[in-house]
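Enquirer: here's a sequence, model it:
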Amino acid sequence: MNKHPLLSDARKFLKFSGIGIVGFLVDVGVLQAGVTTFAVSPYAARMASYLAAATTTWWLNRQFTFREASHAAPATQWARFLAVNAIGFGANYLTFATLVATLPLAATYPVLAVPAGSLAGLCFNFLLSKKFAFISKDQHRIRLQNTD
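Expert: Numbering: from 1, shown residues only. Predicted coordinates:
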């Protein structure tokens, strides 16, 4: 058992954040390639880039951040990861939209509201991924016992 769960969570959060940066790079790279190399509309390219980034971050988090959850069926875990990240996207967008709607500076320069939205999404994605997408064998066993 880990003697310092907060320290463990802090390490995981840093790994999760770093992997998020990798995901961002995959996202923009696939988007750019789709638009410039393959002449795909930016909307279609964005859908492909999001799936590529989400799949990359799921796999990296499975391998490096939440190793204790690597027992789970990959397809099921990937689907849970995408579902919880949709909630994180909602937090991201809601934060962004609220700032743009209420702060004149953010309304004039919407890019200034992006970091706050990204931080809100990151926090939701980490907490929900930890609780629902990447659960350890012990957590899974406890959940099964509690449903009896």
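Enquirer: now residue 69, nearest residue through space, not along the chain?
Expert: In space, residue 69 comes closest to residue 134 once its chain neighbours are excluded; the distance is 3.8 Å by CB to CB, 6 or more residues apart in numbering. Glycine gets a C-beta too; all of them are placed from N, C-alpha and C.
Enquirer: gap between the one you found and residue 11?
Expert: 14 Å (CB to CB, to the nearest Å).
Enquirer: okay, the two: which has more neighbours?
Expert: residue 134 (25 against 12; other CB atoms under 10 Å).
Enquirer: quick one: contacts for the more buried one?
Expert: 61-62, 65-66, 68-69, 72, 77, 81 (CB atoms under 8 Å, 6 or more residues apart in numbering).
Enquirer: then residue 96?
Expert: Here residue 96 is in contact with 110, 113-114, 116-117 (CB under 8 Å, 6+ apart).
Enquirer: try it again at 10 Å.
Expert: 106, 110, 112-118, 120-121 (CB atoms under 10 Å, 6 or more residues apart in numbering).
Enquirer: take those and keep only those in helices.
Expert: 106, 114-118, 120-121 (DSSP state H).
Enquirer: the residues you listed: which two are farthest apart?
Expert: Between any two of those, the greatest separation by CB to CB is 16.4 Å, found for 106 and 121.
Enquirer: neighbour count: the two, which is higher?
Expert: Using other CB under 10 Å as the criterion, residue 106 and residue 121 rank with residue 121 on top: 22 against 19.
Enquirer: burial of the residue nearest to the more buried one when sequence neighbours are not counted, as a residue count?
Expert: Closest residue to residue 121 apart from its sequence neighbours, by CB to CB, 6+ apart: residue 92 at 3.1 Å. Neighbour count of residue 92, defined by other CB under 10 Å: 22.
Enquirer: burial of residue 32, as a residue count?
Expert: 13.
Enquirer: which stretches of this structure form helices?
Expert: Under DSSP H, the chain gives helices at 5-32, 42-60, 74-102, 104-108, 114-128, 137-146.
Enquirer: and residue 41, its phi and psi?
Expert: For residue 41, the backbone dihedrals are phi -60, psi 150 (criterion: degrees, to the nearest 10).
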